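Asker: predicted model follows, preceded by the sequence.
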Amino acid sequence: MRVIAGEFKSRSLLAPRGQSTRPTGDRVREAIFSMLGAYFDGGKCLDLFAGSGALGIEAISRGIELVVFVDRSSAGTVRENLRSLGAQTRARVLPVSHHAALTRLGKEGAKFDLVFLDPPYGLGLLPQTMSILVERELLCAGAFVVAEMDARTSVPEQPSLKLLREAVYGTVKVAIYTFGSQAG
């Protein structure tokens, strides 16, 4: 696994050990960033269910100012990947559950321009998590929410998020939403 483009292009990333995490592959990451626009001019990103941190690290490499990585089981891998790239100052790693992180971030008044949601498949976490992002006011106007799911899963609907695009890459489906001013 490697960074696709930007400041850290071609640098290798570690994947968490074991079978419980499925890192987003290079091809899918490349497609996601192609759909979003290749580069960013600052902004804040939330990489929820971060796993290796590959999506958030790709965002940093492409110009995002700060990424909050959330993953209870693989925070050590995310930290090691950030350290190997020298990107620790552009990241915050929360080794807690997604619920705990969303509660904490909501209380802090955090707002994000970009959110990656890649929960474990088959647990039905996407619709609930998307609703919590809206309810806790964690999204900036015009924010993008990128949801990754099993290709056989129906794309979740959330009234405050407008589906911009969905695409299937083998066994993975990606849906990109926008919030706020562009969602109406």
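Answerer: Arrived safely, thanks for sending.
Asker: tell me the bridge partners for the most centrally placed residue in the chain.
Answerer: When the chain is reduced to its mean C-alpha position, the nearest residue by C-alpha atoms, centre = their mean turns out to be Phe116, at 1.9 Å. In this entry, Phe116 is beta-bridged to Asp47, Val146, by DSSP bridges.
Asker: any regions of the protein where pLDDT drops low?
Answerer: Low-confidence regions of the chain, defined by pLDDT under 70, span residues 18-23, 181-184.
Asker: in it, mark out all the helices, start to finish.
Answerer: With DSSP state H applied, the chain shows helices at 26-36, 54-61, 75-85, 98-108, 125-135, listed in chain order.
Asker: restrict the shortest one to CA atoms and write it as PDB.
Answerer: Below are the C-alpha coordinates for helix 54-61, written out as PDB (Å, rounded to 0.1, in the frame of the first residue of the first chain):
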ATOM      1  CA  ALA A  54      -4.500   5.600   4.100                       C
ATOM      2  CA  LEU A  55      -7.500   7.800   3.100                       C
ATOM      3  CA  GLY A  56      -6.600  10.600   5.600                       C
ATOM      4  CA  ILE A  57      -2.900  10.400   4.800                       C
ATOM      5  CA  GLU A  58      -3.700  10.700   1.100                       C
ATOM      6  CA  ALA A  59      -5.800  13.800   2.000                       C
ATOM      7  CA  ILE A  60      -2.800  15.300   3.900                       C
ATOM      8  CA  SER A  61      -0.500  14.500   1.000                       C
END
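Asker: tell me what it is packed against?
Answerer: On a contact count with 3 or more C-beta pairs under 8 Å, 6 or more residues apart in numbering; DSSP states H and E, helix 54-61 meets helix 26-36, strand 44-48, strand 66-70, helix 75-85, strand 112-117. Using the backbone N, CA and C atoms, a C-beta is placed for each residue, glycine as well.
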